[in-house]
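Trainee: need coordinates for the below:
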Amino acid sequence: MRLAPRIITAGCAAVVLTGIGIAPASADTREGVGPLVCPPDRGYDFSGSRNYYRDMEPRSGGDSGTTISITFHKGKTTTSTVGGAISGEAKVVFAKAEAQFDYHFAWQWTNSSTYTWSWKVPDTMRHGYLHAGVKVKYTKWNYNETRPDCTTRVIRSGEARLVYEGRETWHGTN
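Mentor: Numbering: from 1, shown residues only. Okay, the predicted model is just below:
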C-alpha cells in the first residue's frame, strides 16, 4: 500500500512543475525518453558570398602600349543595399554581416578627395581598361527560426551588397 501514494505524489509533482513552467507540458514520460531539446535559433546566416568591384567613374580604355588614366572625383557617393528585408531590418542584416565577415562595411561611403591614377596597357594586352570605384561584398542572407521539432525554417531571405570603405582602382581587359 505504500507504493500507491508515491506514484500519485510523483504524478502530482510533474503536473505542478508543468503548471509553473519548469517542466515542458509535452515532455515524454516513458522511461529513458526526455523532452526534446533543440539548439538555439540560428537567426541570420549568409551564403554565396563573393567580392566584386563597383565602378563609380566611367572606365578609361586604351590600346596596347598606351598610357591611360582615370580620375576618381571627390564627393562621389555609393550606398550598401539589402534586399528582401522588412521595414527596419536592413540595418540589422548589415550589422550581422559585419560580425559574420569580421569587417567594417560602410552603409554609405563618399570619396573624400580627388585622385588620378595612370596605367600603361601592357604590350601583351590588345586593349585594356582602367576603373575607379569601390570593393563590394555580395552575399545571400536568410533569417531562420527553429521549430519545436528542431527543424529550421527560413522566415525571410534576400541579397545584400555591402560596400567596403575606401576607394579602389583596378585594370583589366573589360
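Trainee: contacts and neighbour counts: CA atoms only from here.
Mentor: Noted.
Trainee: three-state assignment of the most centrally placed residue in the chain?
Mentor: Nearest to the geometric centre of the chain sits Ala97, at 3.6 Å (C-alpha atoms, centre = their mean). Taking DSSP: H, G, I helix; E, B strand; the rest coil as the rule, one finds Ala97 in the helix state.
Trainee: now do the contacts for it.
Mentor: Contacts for Ala97 were tallied using C-alpha atoms under 8 Å, 6 or more residues apart in numbering; they are Phe46.
Trainee: and Trp107, by the same measure?
Mentor: Thr79, Ser80, Thr81, Phe94, Leu162, Val163.
Trainee: now swap in Val163 and tell me
Mentor: Thr78, Thr79, Ser80, Phe105, Ala106, Trp107, Gln108, Trp109, Val134, Lys135, Val136, Lys137.
Trainee: which of those residues are buried?
Mentor: When burial is judged by neighbour count using 16 or more other C-alpha atoms under 10 Å, the buried members of the contacts of Val163 are Thr78, Ser80, Phe105, Ala106, Trp107, Trp109, Val134, Lys135, Val136, Lys137.
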